[in-house]
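>>> sequence first, then the predicted structure, then my questions.
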Amino acid sequence: MKRLVLIALAAAAFASPAFAAKYEIDPTHTQVQFGYNHFGFSNITGRFDQVTGQFELDTANLGKSSIAIEIPVSSITTGVDKLDQHLLGADFFDAAKYPTATFKSKMVHVAGPKDLHLMGDLTIHGVTKPVTFAVKVNGIGEHPMRKVPAAGFDATTVIKRSDFGLGAYVPAVSDEVTLRITLEAFQPKP
């Protein structure tokens with residue numbers, strides 16, 4: 001009987017791990033989008049096409065999860081080449097001097113069954129500031145094509161670009177920038 005109890009305890013320990021599992025960010029299904037107002041006439045959007053990073057997901061307790069991402073600023077695209085070049089120049093990102101934007105989580109607060117608050121440090125243009133993303137859990141489960149554990153999230157926050165040293169043309173070009181991230185990740189096959 002004692003042996004059966006030990007086997008059952010060992011099986012339970014391995015069936016529901018008490019730690020976060022490593023997930024790979026799927027760059028083909030992850031986007032970082034931004035939006036701002038231009039002189040009160042238009043609401044411009046763009047995105048960064050490259051995202052890499054480390055993502056640890058604790059499906060039993062999402063509050064113990066963490067993420068750290070890197071975005072090459074040169075991957076910016078608005079659909080207008082001249083605007084992309086201006087944004088990469090010294091007036092804004094100064095990509096030659098500050099080639100990477102990063103985010104590293106510090107805390108995850110579970111606000112509801114599918115709602116999280118993700119707090120961490122965002123670094124843009126060499127300046128690091130705390131930000132909080134409102135996160136919606138889109139899904140966690142087996143990926144239908146890859147047949148491995150997968151997860152998907154949408155995250156939103158609003159930042160002031162002047163806080164990061166990107167204040168050119170404020171207030172004509174809005175200081176507030178909305179960031180929207182849609183992220184898909186999966187556990188690599190062993």
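Alright, I've got the coordinates.

>>> now do the helices in this structure.
For the chain, the helices defined by DSSP state H occupy 2-15, 81-88.

>>> can you tell me which of the ones you listed the model trusts least?
The weakest mean pLDDT among these belongs to helix 2-15, with a mean of 37.

>>> wait, residue 188 sits on residue 24?
Yes. Contact between residue 188 and residue 24 holds when scored by Cβ atoms under 8 Å: they sit 5.5 Å apart. (Glycine included, C-beta is placed from N, CA and C.)

>>> who has more neighbours out of these two?
residue 24 (16 against 10; other Cβ atoms under 10 Å).

>>> how close does residue 183 get to residue 154?
8 Å (Cβ to Cβ, to the nearest Å).

>>> of the two, who's got more company?
Legend: neighbour count by other Cβ under 10 Å for residue 183 and residue 154, higher for residue 183 (23 against 14).

>>> how about the contacts made by that one?
Shown in contact with residue 183 (Cβ atoms under 8 Å, 6 or more residues apart in numbering): 25, 30, 51, 55, 152, 153, 154, 155.

>>> wait, residue 125 touches residue 93, no?
Yes. In terms of Cβ under 8 Å, residue 125 counts as a neighbour of residue 93; the distance is 6.2 Å.

>>> sorry, back to before: weed out the non-buried ones from the contacts of residue 183.
The neighbour-count test (16 or more other Cβ atoms under 10 Å) marks 25, 30, 51, 55, 152, 153, 155 as buried among the contacts of residue 183.

>>> excluding chain neighbours, give the residue nearest to the third one in space.
What that stands for is residue 51. Closest residue to residue 51 apart from its sequence neighbours, by Cβ to Cβ, 6 or more residues apart in numbering: residue 30 at 5.0 Å.
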